[in-house]
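> Give me the fold of what follows.
(chains A and B)
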2 protein chains.
Amino acid sequence: MPNPENLRLLLISNSTMHGGTYLGHCTAAIREFLGQGRKRVLFVPYALADHDAYTAKAAAAFAALGHEVVGAHRFADAGAAVAGAEAVFVGGGNTFRLLRALYHTGLLPALSRAVRSGMPYLGSSAGTNVATPSIRTTNDMPIVMPPAFEAFGFVPFQINPHYLDADPRSTHMGETREERLRQFHEEHDTPVLGLREGCLLRVAAGRAELLGTTAARLFQRGRAPEEFTPPCDLTFLLQRTR
Amino acid sequence: MPNPENLRLLLISNSTMHGGTYLGHCTAAIREFLGQGRKRVLFVPYALADHDAYTAKAAAAFAALGHEVVGAHRFADAGAAVAGAEAVFVGGGNTFRLLRALYHTGLLPALSRAVRSGMPYLGSSAGTNVATPSIRTTNDMPIVMPPAFEAFGFVPFQINPHYLDADPRSTHMGETREERLRQFHEEHDTPVLGLREGCLLRVAAGRAELLGTTAARLFQRGRAPEEFTPPCDLTFLLQRTR
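Residues are numbered from 1 along each chain as shown, chains lettered A, B, ... in the order given. Alright, predicted model coming up:
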């Protein structure tokens, strides 16, 4: 039975730090999250165009941690893809393209059921966006249109990955990230957690914890933004109506 | 009868330059575009949340040029809003919110007919995005979902307003604008004109001309990007199948 206590999520802001290697900055967190023993990890590569190359990249990173990766695009059937896996990793790229593929392949309901029943879910960037109620706080360009903006909704709040502070020296007049999130709150009252590059959110046993090396910024409608420095507990964010 | 030769468009990258006033940098272009005599300009304020305040801001800028502004939100009927106007100005803000309102109010077909029959169309930022075939190259956050991403399609190419060059000193790992447009071209082969802040595109008498003080960057699938410095002729961009 789906039970919020069953959820095990590792939601990463960004897969690569400047000057770092793919997933290098969250190796320890992934290792702890997946636990002992070799796991078969379903990789969802649809946010990028080249599924084989992207799966090979993920496979190399997970092989170094002792885990096996299989690409979701190798299966004709979403149910079979999920049934054979012990964990899932949804990679970053373009969130619109990713969500459209999750709908079209049937992975959206199949993974939703599995993760709500306890399958560990790892997401990075676009893969973190789709773990939230919707993709309405993605930074990505809407290059394709998914059937809806609603996504997995494993957590009851939005996340903005790659959260970026305004550069006070900038002369660019496009909206700052904070202005964009304020526009979101003109339309919705769902809280938004801005995950700066370098931080990540772990959800397990009904608790949410901020990990990593950079602070997160929480935006709520009608309230001043709040800063949270890891490690710290963010369980209160789970305690809204799902 | 709709005729491409009838189209009169002034498509502005950004309404305000750093340190400048609202529409200050394109006053001369707007003056020339609207011509002699007091015009009644329909202002479409739906990209921002406060329609009255936004209309008042536009009205002040156009009053200084001798023109009258009426807000589209003051009309119950899109046809009546358009029928009483001699030109239309679609203001910037959030492109998703704007396009959703254009669909819901009926302004999309009403303005499409009027502009294809010769009504001058001014757009800034989001108002420039919706003049193209779709909003797939907007920079904005998808805070609400329009019924479709298709827009007016007055020109047969996409525009990316506020086009921004990558900062070589940046350590941020989110996609650069150029990477985002490359992802667009993984999915579509429509050319994209990146309008840097400070430039604008004028279409009239079957010709397209780049104006302003900054260069534009043209992205085409499978080709190296090209730079265009104003003033210069870009009529070749109109000569694709509409």
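> CA only for contacts and neighbour counts going forward, please
OK.
> Show me what whichever strand or helix holds A:P109 is packed up against.
Following DSSP states H and E, one finds A:P109 within helix A:107-116. Under the contact criterion of 3 or more Cα pairs under 8 Å, 6 or more residues apart in numbering or on different chains; DSSP states H and E, helix A:107-116 touches helix A:78-83.
> Does anything pack onto the helix it packs on? Which helices or strands?
Packing contacts for helix A:78-83, counted by 3+ Cα pairs under 8 Å, 6+ apart, involve helix A:107-116.
> Pretty sure A:A204 sits against A:L7.
Yes. Between A:A204 and A:L7 there is a contact at 5.9 Å, judged by Cα atoms under 8 Å.
> of these two, who's got more company?
A:L7 (23 against 18; other Cα atoms under 10 Å in any protein chain shown).
> Helices of chain A, start to end?
A:27-34, A:51-63, A:78-83, A:95-105, A:107-116, A:126-129, A:177-187 (DSSP state H).
> quick one: A:T137 from chain B, how far?
6 Å (Cα to the nearest Cα, to the nearest Å).
> Against chain B, how distant is the closest residue to that residue other than its chain neighbours?
Of all residues not flanking A:T137 in the chain, A:N160 sits nearest, at 5.6 Å (Cα to Cα, 6 or more residues apart in numbering or on different chains). To chain B, A:N160 is 10 Å away according to Cα to the nearest Cα.
> Pull the residues that contact stretch A:106-125.
A:1-4, A:6-15, A:34, A:77-79, A:82, A:86-93, A:102, A:128, A:131, A:151-152, A:154, A:161-162 (Cα atoms under 8 Å, 6 or more residues apart in numbering or on different chains).
> Mark which of these are buried, thanks.
By neighbour count, with 16 or more other Cα atoms under 10 Å in any protein chain shown, these hold A:4, A:6-15, A:34, A:78-79, A:82, A:86-93, A:102, A:128, A:131, A:151-152, A:154, A:161-162 as buried.
> Settle this for me: A:T171 is touching B:T16, isn't it.
No. Using Cα under 8 Å, A:T171 makes no contact with B:T16, being 10.9 Å away.
> which residues touch A:F62?
A:F62 neighbours (Cα under 8 Å, 6+ apart): A:68-69.
> could you pull out the strands for chain A?
A:9-12, A:40-44, A:68-71, A:87-90, A:121-124, A:158-163, A:192-196, A:199-204, A:207-212, A:216-219, A:226-228, A:232-233 (DSSP state E).
> would you turn those into CSV with mean pLDDT?
Below are the strands of chain A laid out as CSV (pLDDT from 0 to 100):
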stretch, mean pLDDT
strand A:9-12, 98
strand A:40-44, 98
strand A:68-71, 98
strand A:87-90, 98
strand A:121-124, 98
strand A:158-163, 97
strand A:192-196, 97
strand A:199-204, 97
strand A:207-212, 97
strand A:216-219, 98
strand A:226-228, 98
strand A:232-233, 98
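> right, so those: which one is the most enclosed?
By mean neighbour count, with neighbours taken as mean count of other Cα atoms under 10 Å in any protein chain shown, strand A:9-12 ranks first of the strands of chain A at a mean of 29.
> what does chain A put close to chain B?
A:14, A:16-18, A:49, A:94, A:135-145, A:148-149, A:162, A:171-174, A:180, A:183-184, A:186-187, A:197 (Cα under 8 Å from any Cα of the partner chain).
> Show me which of the residues you listed are buried.
Neighbour-count burial (16+ other Cα under 10 Å) applied to the residues of chain A next to chain B gives A:14, A:16-17, A:49, A:94, A:135-144, A:149, A:162, A:172, A:174, A:180, A:183-184, A:197.
> residue contacts, A:F228?
If you count contacts by Cα under 8 Å, 6+ apart, then A:F228 has A:210, A:215-218 around it.
> So it versus chain B, what's the distance?
As judged by Cα to the nearest Cα, A:F228 and chain B stand 20 Å apart.
> looking at the sheet around that residue, what are its partners?
Bridge pairing for A:F228 (DSSP bridges) gives the partners A:A216.
> Need the pLDDT of the closest residue to A:R207 other than its chain neighbours.
Closest residue in space to A:R207, ignoring its immediate chain neighbours: A:T235 at 4.9 Å, by Cα to Cα, 6+ apart. The model reports A:T235 with a pLDDT of 97.
> Same check on A:E5?
85.
> Look up how far chain B lies from A:A224.
With the distance defined as Cα to the nearest Cα, A:A224 ends up 19 Å from chain B.
> Where does the prediction get shaky in chain A?
For chain A, applying pLDDT under 70 flags the ranges A:1-3, A:241-242.
> how about 80 then?
Scanning chain A with the threshold set as pLDDT under 80 gives A:1-4, A:240-242.
> Apart from its chain neighbours, what residue comes closest to the residue minimising distance to the centre of it?
The residue lying closest to the centre of chain A (Cα atoms, centre = their mean) is A:T128, at 1.1 Å. Using Cα to Cα, 6+ apart and skipping residues adjacent in sequence, the residue nearest A:T128 is A:L11, 5.2 Å away.
> same question, A:T16
Sequence neighbours aside, A:Y22 is the residue nearest to A:T16 in space, at 4.9 Å (criterion: Cα to Cα, 6+ apart).
> now that neighbour: how far from B:G174?
According to Cα to Cα, to the nearest Å, A:Y22 stands 14 Å off from B:G174.
> same question, A:G91
14 Å.
> same check, this time on A:L237
Taken as Cα to Cα, the span from A:L237 to B:G174 is 25 Å.
> cool, A:T214 as well?
16 Å.
> Likewise for A:P146?
Computed with Cα to Cα, the distance linking A:P146 and B:G174 is 21 Å.
> Ok, A:R207 next?
Counting by Cα to Cα, the gap from A:R207 to B:G174 is 28 Å.
> Next, A:Q239: phi, psi?
With angles defined as degrees, to the nearest 10, A:Q239 sits at phi -90, psi 40.
> thinking again about what came up before, output the contacts of A:F228 in TSV; the columns should cover distance to B:V44.
Shown next, in TSV, are the contacts of A:F228 (distance: Cα to Cα, whole Å):
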residue	distance to B:V44
A:L210	43
A:A215	39
A:A216	36
A:R217	34
A:L218	32
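> got the angle for the helix holding A:P109 vs helix A:95-105?
On the basis of axes from the mean of the first three to the mean of the last three Cα atoms, to 10 degrees, helix A:107-116 is oriented at 90 degrees to helix A:95-105.
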